[in-house]
Each structure stands twice: as C-alpha cells, then as structure tokens.
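A.B. asks: I'll drop the sequence and a predicted model, then ask my questions.
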Amino acid sequence: MEVKIGIAQANKYAMSECGDSIEVTERPRGGVSAILADGQGSGRAAKLTSSMVVHKASSLIAEGARDGAVARAVHDYLYTMKNGKVSSTLTVLSVDLETYTAVFSRNSNCPVIVKLDYGIDVYEQEINSIGVHKHMKPLMHQMPLETGMIFVSYSDGIQAAGRKRGRSMNFDHFLKIIQENQPEDATFIAESILEYALQLDDYRPGDDMTVVVMGVTDSENLHKIRRMGISFPC
C-alpha cells in the first residue's frame with residue numbers, strides 16, 4: 001500500500017503571500033497526515049496565522065497526539081495567542097497505519113470529498129472554524145483503510161471561485177474530475193480542480209486557493225523509497 005499526496009495552490013490576485021498553509025507530516029506510529037489551514041483575511045497576517053496553525057498541528061501529530069485531540073489543542077492555542085479575535089480553518093487528512101484506518105477532521109466551511117469503491121461521499125456538515133469560539137470540537141470521521149480511496153479538500157478560495165464575476169462553481173465538475181481519476185493521479189486531480197477555479201476567476205483569484213488530494217494505492221515500490229516533488233514559484 002502506498003499513499004500519494006497532491007497539492008496545488010495559488011495566491012490571491014496581487015498578493016505576494018498566500019494566506020493558506022499546508023504541511024505534510026509523518027505519523028510516529030506509521031502513516032502520514034496532510035494539514036490544511038486558511039487564516040483569517042489575506043496576505044501576511046493570514047499567512048502568519050495559518051503557518052502557526054499547521055506547525056502546531058504538525059508538532060502535535062509528531063508527538064503522537066490523536067487527530068481529534070490535535071484539532072482541540074490547536075484551537076486552544078490559537079484562541080489563547082490571538083485572544084479569541086482571529087479565526088482559521090483547519091482540515092487534517094490522515095492515513096494511520098497503527099489502526100489501519102483513514103481519519104479526517106474538519107473545522108472548515110469547505111467539505112472533505114471521499115471516493116470509495118461504491119461511489120463518492122461528501123462530508124460538508126456545518127462546523128465552526130477554530131480560534132474564536134471558546135468551546136470547539138472538530139467533525140471527525142474514521143473508516144477502514146482500503147486501496148482505491150481518494151480524499152480531497154480545499155480552502156474557501158476554491159469554493160468561492162467565480163462569485164465576484166457572477167459565475168457559479170459547478171460542484172459536479174469537481175466530482176467528475178475525482179470520479180474519472182485514480183489514487184495515483186492525486187497531483188493531477190489537485191491541479192485540475194485548481195485550474196477550473198482559476199478559470200472561473202479569470203486567473204485573478206479573489207482569494208487564496210489550495211487543493212489537497214490524498215490517494216491510497218497498491219504499492220509497486222518494492223524498495224519502499226519515499227519521494228516528494230515540489231514546485232515553488234519565486
């Protein structure tokens with residue numbers, strides 16, 4: 001079994017920094033987690049918030065904390081550091097090899113989309129962001145780990161694409177992209193969703209945009225070589 005992760009990101013138009021942050025971290029008892037945060041606002045201030053959130057979450061996961069406890073602890077940390085005046089979304093997608101399950105937690109207005117053998121499920125129940133409300137808990141989901149799974153989430157720049165230009169995002173188009181591709185196409189799925197959102201915004205994004213895709217495949221990697229490819233414009 002092998003985990004493929006694809007990430008695609010674009011800054012808000014005319015902004016030098018992206019207010020979204022994403023980090024991939026290894027789980028100490030086996031597995032990997034992808035952490036996505038969208039800080040309140042845009043630009044430098046939002047970047048500082050989202051970076052603080054993903055770094056805190058990553059360190060807690062590396063220390064062995066469970067994902068639900070991670071979300072609560074990061075909320076408490078942000079609430080304390082910013083006096084309850086700054087919010088952030090937080091989504092964590094995990095493959096946990098200790099329990100042999102897929103786990104994800106949401107504190108975001110954007111869904112987690114899950115492709116399984118029988119079809120696609122969309123988890124979009126209403127939930128508060130972290131950092132503002134004193135009492136907060138994440139929406140948690142856990143399921144047996146199987147090859148063929150695909151998990152997709154994104155920040156609200158994707159969800160709001162086209163609105164400022166009087167266009168509506170066709171969610172079914174997202175589902176079609178996911179349905180027609182395989183777990184090993186994680187990077188292609190992420191880039192295709194981002195490309196569609198950029199088209200709706202005439203390639204001038206109205207907000208920061210990030211897509212993260214996690215796929216679970218049969219492993220053809222006999223020597224268990226770990227690979228990561230990064231493209232970062234400067």
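C.D. replies: Yep, that arrived. Just so you know, these numbers come straight off a predicted model, no measurement behind them.
A.B. asks: With adjacent residues omitted, what lies nearest to residue 46?
C.D. replies: Of all residues not flanking residue 46 in the chain, residue 19 sits nearest, at 2.8 Å (Cβ to Cβ, 6 or more residues apart in numbering). Any C-beta I mention is one placed from the backbone N, CA and C, and that applies to glycine too.
A.B. asks: wait, residue 168
C.D. replies: residue 162 (6.3 Å).
A.B. asks: same deal with residue 77?
C.D. replies: Using Cβ to Cβ, 6+ apart, the closest residue to residue 77 is residue 56 (5.4 Å).
A.B. asks: same question, residue 47
C.D. replies: In space, and not counting its chain neighbours, residue 47 is closest to residue 17: 4.6 Å by Cβ to Cβ, 6+ apart.
A.B. asks: same check, this time on residue 214
C.D. replies: residue 151 (4.4 Å).
A.B. asks: Report the separation between the residue most central in space within the chain and residue 179.
C.D. replies: Centrality entry for the chain: nearest residue to the mean C-alpha point is residue 36, 4.0 Å, by Cα atoms, centre = their mean. The gap separating residue 36 from residue 179 is 22 Å, by Cβ to Cβ, to the nearest Å.
A.B. asks: Repeat that for residue 165.
C.D. replies: From residue 165 to residue 179 the distance is 27 Å (Cβ to Cβ).
A.B. asks: and the residue nearest to residue 77, which of the three is it?
C.D. replies: Of the three states, residue 56 takes helix under DSSP: H, G, I helix; E, B strand; the rest coil.
A.B. asks: can you count the residues close to residue 137?
C.D. replies: 13 (other Cβ atoms under 10 Å).
A.B. asks: Remind me which helix or strand the residue nearest to it when sequence neighbours are not counted belongs to.
C.D. replies: Once flanking residues are discounted, residue 137 sits nearest to residue 72: 6.6 Å by Cβ to Cβ, 6+ apart. Assigned by DSSP states H and E, residue 72 belongs to helix 67-81.
A.B. asks: what comes up buried for that helix?
C.D. replies: 67-68, 70-72, 74-75, 77-79 (16 or more other Cβ atoms under 10 Å).
A.B. asks: Repeat that for stretch 205-220.
C.D. replies: So, applying 16+ other Cβ under 10 Å, buried residues of stretch 205-220: 205-217.
A.B. asks: Taking the residues you listed together, which two end up most distant?
C.D. replies: 206 and 217 (34.5 Å; Cβ to Cβ).
A.B. asks: Please settle this for me: is residue 99 part of a strand?
C.D. replies: No: under the criterion used here (three-state DSSP), residue 99 is coil, not part of a strand.
A.B. asks: Okay, now the unreliable bits of this structure?
C.D. replies: Along the chain, segments meeting pLDDT under 70 span 221.
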